[in-house]
Structures are given as C-alpha cells and as structure tokens.
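Participant: how would this look folded up:
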Amino acid sequence: MIKPLRKAVLPVAGLGTRFLPATKAMAKEMLPVVDRPLIQYSIDEARAAGIEQFCMITGRGKTALVEYFDRAYELEATLKERGKPEALAALRESSMQPGSIVAVRQQEPLGLGHAIWCARSFIGDDPFAILLPDDIVLSKMPCLQQLAEAYQETGGSVVAVTEVPHEHTNRYGILKVGADDGRMVEVTGLVEKPRPEDAPSNLSIIGRYVLTADVMTHLGRLERGAGNEVQLTDAMAKMIGNGPFHGLRYEGRRFDCGDKIGFLEAQIAFALERPDLGPAVRDFLRTYVGQL
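Facilitator: Model prediction:
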C-alpha cells in the first residue's frame, strides 16, 4: 500500500546574499513576485497537491516566515471595518490551519542535505515533499501536484527534472537515466555538479522532490560531499536500487528566483498571466521594447 503524501519540508535558512542589501533586514523568501512572497508560492503549490503538514528549516532572523502565515486579527478587523473585502480575502489566503506548520532551526549552514536531516522528527517514516522556494513554476497544474500523481503511479521517489545546457551541468544535480518514455525517466544514478565532460546526461533536478523516508538513513551519516557540505543528491543516489526512483519532465516553466534575472523575469511572466495586470504590463513592455 502506498502511503499518502501529506508532509512537506521547505529549507529557508539561507542568507540570501545575492539580494543584498534588500535581504539585510528581510528574508529572501519574503521578496514578492507581483504581490505574493516567494514562500507563499511554495505553500500554495504544496496545498494544491494535498499537503497538510509543513516544516520550515529556518535560521537566525527568519521568524517572519512563520509569522507571515499566522492570523493578523487587527489587520483583518481594520479591513472589514473599512469595507475592503477583496483585500481581506487576499489576506486570508496566507493563513494556515492551526498546528499545520512548524519551524526547525538549522544552526549551521552545512548544506541542503543537512537541512533536510534537521526535519527527521517531523518526517518520521512518512513520504514527504521538498520545495525550494527559490524555484517557482508557472504551469496549468502545480508542479508538486504533478509529482504527487507520479508518486502515486510509481510508489517511489520522484524528482522534477529539466534539460540544461551541457556546459552548465556543473551547477546542478544531474541524472544518470535508464528507461525513458518521454515523460518519466528511470533514475539509475545521480551526480552532484559534474563537470560537463563527466556528466551522464543533461537532465537536471529542480527544487521539487517527493522522497520516501529511507533517505534519512543516508542523510543521518552526515557525510560531506561537493563544497564540503552534506549533499541531498548524494543521499538520494544511495537510495537507487532499493525502490522505484524516477525523474518527471514536468509541465510548466521554472524561474530561478535566487538569481536577479530569473527573479525579474518571474515578475513579468506571472504579471502577464493576471487578468487584472496583464494588459497594462503588455502596454509598458511595448514601450521598453521599442527603446531597445
């Protein structure tokens, strides 16, 4: 019997140095794309996939991430009193069910694998999703929902994958692949940031995962890998052969919002999808395009 997917881990302990000075006083994950912070895109995507319990792996100065999803009773009362139902509805979209979100501190920046290991008590023996808020995906069906359906099909771990230029394989976790039906690929190996000449393929993992709990056994050894950090990719590689493991070519367009250009592109792409903003955005884009 396939265990239901109800838990998600969100690693949000990073310093956000690429967005200084803005991130000097605020968490990078609170930077807005249009009118929602990055962290809400991840939470909303997870909820659409049936996730009910959330664990944020935080660090110093990141308390605002949990507070954001709390009820703001005074603000709600003010909006109601002033007759602003649309603003009130938007505010309530960010609230969570009581007891559905917890935070765990990662005291040392020892890598993504270490961050996930910090959630071991939350995960227990259950399958769980990982969402990296730097990545947001514009798609008809939320990316994690696509992964959740693939998990139900296969009964094992599934990661979202996309093709990258061969010369960029040293930036990503890269798959060694077996059977490939064009949508789902069998994962026969994983390599963290291989040199282009050593890369087994150009299929890269993006920041969406559904993993079975046995990955925690390998993470618990706290073995260092690339960058002298505990790498999640290394732990996943050790799972291969002990259960189904697949990569899913997801439908949608991914934006790397940990990068300034990716962040700016996401602003435009998501705004163009909005009926209330799209026409005006198209108008001002024509102005700027004409100046190129």
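
Participant: show me where pLDDT drops low in the stretch 101-250 of the chain?
Facilitator: Across the stretch 101-250 of the chain, nothing is flagged by pLDDT under 70.

Participant: Which stretches in it count as helices?
Facilitator: Assigned by DSSP state H, counting those that start in this stretch, the stretch 101-250 of the chain shows helices spanning 112-117, 120-123, 143-154, 215-219, 232-239.

Participant: any idea which of those is most buried?
Facilitator: A comparison of the helices of the stretch 101-250 of the chain by mean neighbour count, using mean count of other Cβ atoms under 10 Å, puts helix 112-117 on top with a mean of 24. Using the backbone N, CA and C atoms, a C-beta is placed for each residue, glycine as well.

Participant: re the thing from before, columns distance to residue 86 on top of the helices of the stretch 101-250 of the chain, output as CSV?
Facilitator: Putting the helices of the stretch 101-250 of the chain into CSV (distance: least, Cβ to Cβ, whole Å) gives the following:
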stretch, distance to residue 86
helix 112-117, 37
helix 120-123, 35
helix 143-154, 26
helix 215-219, 43
helix 232-239, 40
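
Participant: Of the ones you listed, which is nearest residue 257?
Facilitator: Taking Cβ to Cβ, helix 143-154 is the member of these nearest to residue 257, at 13.9 Å.

Participant: what's stretch 274-284 in contact with?
Facilitator: The contact list for stretch 274-284, computed with Cβ atoms under 8 Å, 6 or more residues apart in numbering, reads 34, 268, 271, 272.

Participant: ok, and for that stretch, which residues are buried?
Facilitator: Neighbour counts using 16 or more other Cβ atoms under 10 Å place residue 281 of stretch 274-284 among the buried residues.

Participant: again with stretch 24-43
Facilitator: 26-31, 33, 36-43.

Participant: What is the end-to-end distance of it?
Facilitator: Stretch 24-43 has an end-to-end distance of 24 Å (Cα to Cα, to the nearest Å).

Participant: from memory residue 219 sits against residue 233, does it?
Facilitator: No: using Cβ atoms under 8 Å, residue 219 is not in contact with residue 233, being 11.1 Å away.

Participant: which residues are common contacts for these two?
Facilitator: Joint contacts of residue 219 and residue 233 (Cβ under 8 Å, 6+ apart) are residue 113.

Participant: Contacts only, for residue 291.
Facilitator: Taking Cβ under 8 Å, 6+ apart as the definition of contact, residue 291 has no neighbours.

Participant: From residue 276, how far out is residue 79?
Facilitator: 19 Å (Cβ to Cβ, to the nearest Å).

Participant: oh, I was asking about residue 73
Facilitator: Residue 73 is 28 Å from residue 276, where distance means Cβ to Cβ.

Participant: And residue 58, by the same measure?
Facilitator: With Cβ to Cβ as the criterion, residue 58 and residue 276 are 33 Å apart.

Participant: go on, residue 130?
Facilitator: For residue 130, the distance to residue 276 - Cβ to Cβ - is 32 Å.

Participant: go on, residue 95?
Facilitator: As judged by Cβ to Cβ, residue 95 and residue 276 stand 22 Å apart.

Participant: Quick one: residues in contact with stretch 221-230.
Facilitator: With Cβ under 8 Å, 6+ apart as the test, stretch 221-230 has contacts from 110, 111, 112, 113, 114, 117, 192, 193, 219, 231, 233, 234.

Participant: Between which two of those residues is the distance greatest?
Facilitator: Pairwise distances across the contacts of stretch 221-230 (Cβ to Cβ) peak at 19.8 Å, for the pair 117 and 193.

Participant: give me every residue that touches the nearest residue to residue 237 once chain neighbours are set aside.
Facilitator: Closest residue to residue 237 apart from its sequence neighbours, by Cβ to Cβ, 6 or more residues apart in numbering: residue 190 at 4.1 Å. By Cβ under 8 Å, 6+ apart, the contact set of residue 190 is 173, 174, 175, 176, 205, 233, 234, 236, 237, 240.

Participant: Does the last one touch residue 178 like I think?
Facilitator: No: distance between residue 240 and residue 178: 9.9 Å, which falls outside the contact criterion (Cβ under 8 Å).

Participant: The two - which one has more neighbours?
Facilitator: residue 240 (17 against 13; other Cβ atoms under 10 Å).

Participant: can you pull the contacts of that one?
Facilitator: The contact partners of residue 240, by Cβ under 8 Å, 6+ apart, come to 187, 188, 189, 190.

Participant: ok, so what distance separates it from residue 145?
Facilitator: From residue 240 over to residue 145 the distance is 25 Å, taken as Cβ to Cβ.
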